[in-house]
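Undergrad: coordinates for the following, if possible.
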Amino acid sequence: LNKIHKHNPFYIFPLGVIHDNQEYIRNIIHTSLPDINVFYNQADENVITLDVENLLDLPIEIQYCTYNSQKIIFPSKRILLKSKHKASVNIQKINMNHDGKIDTQVFSSDSLELYYNVLGMDEIKKTIVYPTEMSSNKYSALNPATRDDNINEFSFLDIDLVNGIIEFPSESCVIAKDLIIPEGYVVKANPGCKIDMVNSSRVISYSPLLFLGKNEDMITITSSDSTGQGIIVLNCQRASELKHVSFTYLSNIDESDWSLNGVITFYRSDVNVIDCNFSENKSGDDYLNIVKSNFNIIGSNFTNTYADAFDSDYSSGTIQNVHYLNIGNDAIDISGTELYI
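TA: So this is what the prediction gives:
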């Protein structure tokens, strides 16, 4: 400064700017916001494929991932993610080699954690692996969900357009093709109703379910040919109510372009499950899967499940007086969920 002042006596050293730059650099490197988003894609006998999005304006190096906080799985080759502003695509697929260490028959993506660092930094960070994100773009790519609703093609449904009610009768109803229910209704089923889902059919509902059976006269949802692919309820403003409902012999939605973990799934749709039975599902990582929703599960039973009985992701809820018997994997599996048991 003495030398500078000989030529420019009014020069002021920009100490504040230097400190601001320091703070900016620290905040970029040690941000409190997520560095990356990681979504599960698929798993086979040797490789787990993940979709990774870099949220930083700095490159990221992927180190490894763990399964059930124990098994360490390394990438097939060194993986560097370009910074957000330089990446040509937002999502990059990465492969992690488990070399048969994981039984993919009972594999649950919720048990994965990915470890990484900002390139050049010693600090190793970790993040959980999200389930496949159900974005609006993915909805538009799904054949069943992009088809128009078809409630008028099921003669047994009682449709009240004035009051916005779709009702199953108190008798046997066979669903032999996909039933797609639009938003703006309440879907009801009364005591004694028996819904038989055959021919790999599934129910996709954008309206809440109000299925109210009785202890001595339960509502039954089953699949007599063991091919029925369950129920998904999407983006409902009103909570669904399931009371005295029995689910048996169902499977998760699984086709080439769309696969869900849950047999019964509520996505961004609150639900209360009271005195219900879930048993003998034929496939699916989870019998009941609740994602980004509020829920209560009370006085219910999970019996002889294929894998996990209940899975909750990024939700909030209560489980009270629920029994689990002969569970294929986890009785309760949660991630990012606030749960009172």
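Undergrad: mind listing residues that contact the longest helix belonging to the chain?
TA: As assigned by DSSP state H, the longest helix anywhere in the chain is helix 15-29. For helix 15-29, the external contacting residues (C-beta atoms under 8 Å, 6 or more residues apart in numbering) are Leu56, Asp57, Leu58, Val118, Met121. C-beta here means a position set from N, CA and C on the backbone, and glycine is covered the same way.
Undergrad: ok, 10 Å please
TA: Pro14, Leu33, Asp35, Leu56, Asp57, Leu58, Val118, Gly120, Met121, Glu123 (C-beta atoms under 10 Å, 6 or more residues apart in numbering).
Undergrad: what residues are up against Phe211?
TA: 168, 187-191, 193, 195, 218-219, 221, 231, 240-245, 273, 276.
Undergrad: 6 Å - rerun?
TA: Ala189, Ile219, Leu242, Val245 (C-beta atoms under 6 Å, 6 or more residues apart in numbering).
Undergrad: quick one on the thing from earlier: of the contacts of helix 15-29, buried ones?
TA: For the contacts of helix 15-29, a burial check counting by 16 or more other C-beta atoms under 10 Å picks out Asp35, Leu56, Leu58, Val118.
Undergrad: quick one: the second one from Ser300, how far?
TA: Right, Leu56. Separation of Leu56 from Ser300 (C-beta to C-beta, to the nearest Å) stands at 43 Å.
Undergrad: go on, Ser200?
TA: 26 Å.
Undergrad: neighbour count winner among those two?
TA: Ser300 (24 against 17; other C-beta atoms under 10 Å).
Undergrad: quick one: pLDDT of the nearest residue to the more buried one once chain neighbours are set aside?
TA: Nearest residue to Ser300, sequence neighbours excluded (C-beta to C-beta, 6 or more residues apart in numbering): Cys276, at 4.5 Å. On the pLDDT scale, Cys276 is placed at 97.
Undergrad: mind listing what Cys276 touches?
TA: Each residue near Cys276 by C-beta under 6 Å, 6+ apart is listed here: Leu242, Val245, Ser300.
Undergrad: in strands only, show me these.
TA: Leu242, Val245 (DSSP state E).
Undergrad: is it possible to get JSON lines of the contacts of Cys276 that adds distance to Glu23?
TA: Below are those laid out as JSON lines (distance: C-beta to C-beta, whole Å):
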{"residue": "Leu242", "distance to Glu23": "52"}
{"residue": "Val245", "distance to Glu23": "56"}
{"residue": "Ser300", "distance to Glu23": "52"}
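Undergrad: nearest to Arg78, of the contacts of Cys276?
TA: Closest approach between the contacts of Cys276 and Arg78, by C-beta to C-beta: Ser300, at 47.5 Å.
Undergrad: if anything else comes up later, I'll come back, but that's it for now.
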